[in-house]
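Visitor: The sequence and its predicted three-dimensional model are supplied below.
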Amino acid sequence: DAGITQSPRHKVTETGTPVTLRCHQTENHRYMYWYRQDPGHGLRLIHYSYGVKDTDKGEVSDGYSVSRSKTEDFLLTLESATSSQTSVYFCAISPQNEQFFGPGTRLTVL
Amino acid sequence: KQEVTQIPAALSVPEGENLVLNCSFTDSAIYNLQWFRQDPGKGLTSLLLIQSSQREQTSGRLNASLDKSSGRSTLYIAASQPGDSATYLCASGGGGADGLTFGKGTHLIIQP
């Protein structure tokens, strides 16, 4: 157990609404990541963080923002959700180069 | 841009067979390569991590190899069991804060 939780685990929302997903770790690791997983595309990196208030964009960052005000929490925000953002979202941490993943959040945008 | 490919996309074998899953990557300047298992509707479980300076890693019935010069990694599963049925993902890492670049996975079914 890598000590990663994600909330909510499932969410259904409507197009145009803001959505925030939370990733929480219990082990104070410096590096945290957000990925999305879609059929036919596999997992793709959205944003990552290398410390409190230090974040950067990944491969598919358009339409997403992140914040990290505490070491243990990494938030992913969809400012105005679109149907193309329907996906499963995974958070990961990286102690000593190996990445460990959370249980995922299944988001449906209607 | 790194690209990771996994072949085959799906594989079905009888229980007890030894099998090899393949992973190839386009940029040999990787820092490490990680193999994961994903069960349906679940998260990813890390199986093995191979650093760029290593050639292989072993855990129980699993052995992963890395050949940077040819841009290939293989995951060897010995004496397969029905419980090994899952999707296996490989991912290359650039080190530091870099995220992973994933292949699309091999869906493995072990027939009892």
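Guide: Perfect, I can see it now. Numbering: from 1, shown residues only, chains lettered A, B, ... in the order given.
Visitor: which strands and helices sit next to the strand or helix carrying residue B:88?
Guide: Per DSSP states H and E, residue B:88 falls inside strand B:86-93. Taking 3 or more CB pairs under 8 Å, 6 or more residues apart in numbering or on different chains; DSSP states H and E as contact, the helices and strands that strand B:86-93 lies on are strand A:42-51, strand B:4-7, strand B:19-25, strand B:32-38, strand B:72-77, strand B:100-102, strand B:106-111. Placement of C-beta: from N, CA and C, glycine included.
Visitor: The first one vs strand B:32-38, what angle?
Guide: I take that to be strand A:42-51. Angle, strand A:42-51 to strand B:32-38, by axes from the mean of the first three to the mean of the last three CA atoms, to 10 degrees: 120 degrees.
Visitor: Next, the angle strand B:86-93 makes with strand A:42-51.
Guide: 50 degrees.
Visitor: Give me the sheet partners of strand A:42-51 and which way each runs.
Guide: When pairing is defined by DSSP bridges, strand A:42-51 lines up against strand A:32-38 (antiparallel), strand A:54-57 (antiparallel).
Visitor: if you compare the helices and strands packed on strand B:86-93, which one is most tucked away?
Guide: strand B:100-102 (a mean of 24; mean count of other CB atoms under 10 Å in any protein chain shown).
Visitor: which residues does the most centrally placed residue in chain A contact?
Guide: In chain A, the centroid-proximal residue (CA atoms, centre = their mean) is residue A:34; its distance is 3.3 Å. Shown in contact with residue A:34 (CB atoms under 8 Å, 6 or more residues apart in numbering or on different chains): A:21, A:23, A:45-48, A:58, A:64, A:66, A:74, A:76, A:89-92.
Visitor: Could you tell me which residues of chain B lie near chain A?
Guide: Residues of chain B lying near chain A by CB under 8 Å from any CB of the partner chain: B:31-32, B:34, B:36, B:42-46, B:49, B:51, B:89, B:91, B:93, B:95-105.
Visitor: Just to check, residue B:3 is in contact with residue B:23?
Guide: No. Residue B:3 lies out of contact with residue B:23 (CB atoms under 8 Å); the separation is 11.3 Å.
Visitor: So for residue 39, what's the pLDDT?
Guide: I went with chain A, as the question did not name one. As summarised for this prediction, residue A:39 has a pLDDT of 90.
Visitor: that answer is for a different chain, and I need it for chain B
Guide: 96.
Visitor: neighbours of it, just the number please.
Guide: Applying other CB atoms under 10 Å in any protein chain shown, we find 12 residues neighbouring residue B:39.
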